[in-house]
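**Student:** Fold the following and give me the result.
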Amino acid sequence: MDPDSILEFMIADVVISLAGRDAGTLYYVLDAQDDYLILVNGKDRSLEKPKRKKRKHARKVLRSETRVAQKLRAGDKVLNSELRRDLAYHSQEMQSKASGG
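**Tutor:** Residues are numbered from 1 along each chain as shown. Okay, the predicted model is just below:
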């Protein structure tokens, strides 16, 4: 993988926080600004109160192609419950792959 592609974040990418008290938390990218990402997870960081995090403190996990990701890219209304459900699914998938299942 190209090292520069890791730094390229797009709306609806799933990222994991690398630093801070939220390290290890999965988020959806709501917006990508100069040095910062605007992140949401539907729980402690809802659509109404997104998190602003430096790009270097987040790592792209995957380019999601779920219905929620499609809605985010299209600018359609997304519910916090949809974000939570989708990220919980991604987290479960990552854990099962890590455990070899």
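**Student:** Can you tell me what sits against the helix or strand hosting residue 95?
**Tutor:** Residue 95 belongs to helix 80-98 when assigned by DSSP states H and E. By C-beta atoms under 8 Å, 6 or more residues apart in numbering, the surrounding residues in contact with helix 80-98 are 14, 26-28, 40-43, 46-47, 61-62, 64, 66-69, 71. Every residue, glycine included, has its C-beta placed from N, CA and C.
**Student:** pLDDT of that helix, averaged?
**Tutor:** Regarding helix 80-98, the rounded mean pLDDT is 92.
**Student:** if we can go back for a sec, in PyMOL, how would I select the buried members of the contacts of helix 80-98?
**Tutor:** Those of these that count as buried under 16 or more other C-beta atoms under 10 Å are selected in PyMOL with:
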select buried, resi 14+26+27+28+40+41+42+47+61+64+66+68+69+71
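**Student:** so of the contacts of helix 80-98, which ones are in helices?
**Tutor:** Of the contacts of helix 80-98, the ones assigned to helices by DSSP state H are 67-69, 71.
**Student:** coming back round to it: list the buried residues of the helix holding residue 95.
**Tutor:** Using 16+ other C-beta under 10 Å as the test for burial, helix 80-98 gives 82-83, 86-87, 90-91.
**Student:** Below-threshold pLDDT in the protein: ranges please.
**Tutor:** For the chain, the stretches flagged by pLDDT under 70 are 1-7, 101.
**Student:** which residues of it fall in strands?
**Tutor:** Ranges of strands within the chain are 13-17, 26-32, 36-40, 51-54, 58-63, based on DSSP state E.
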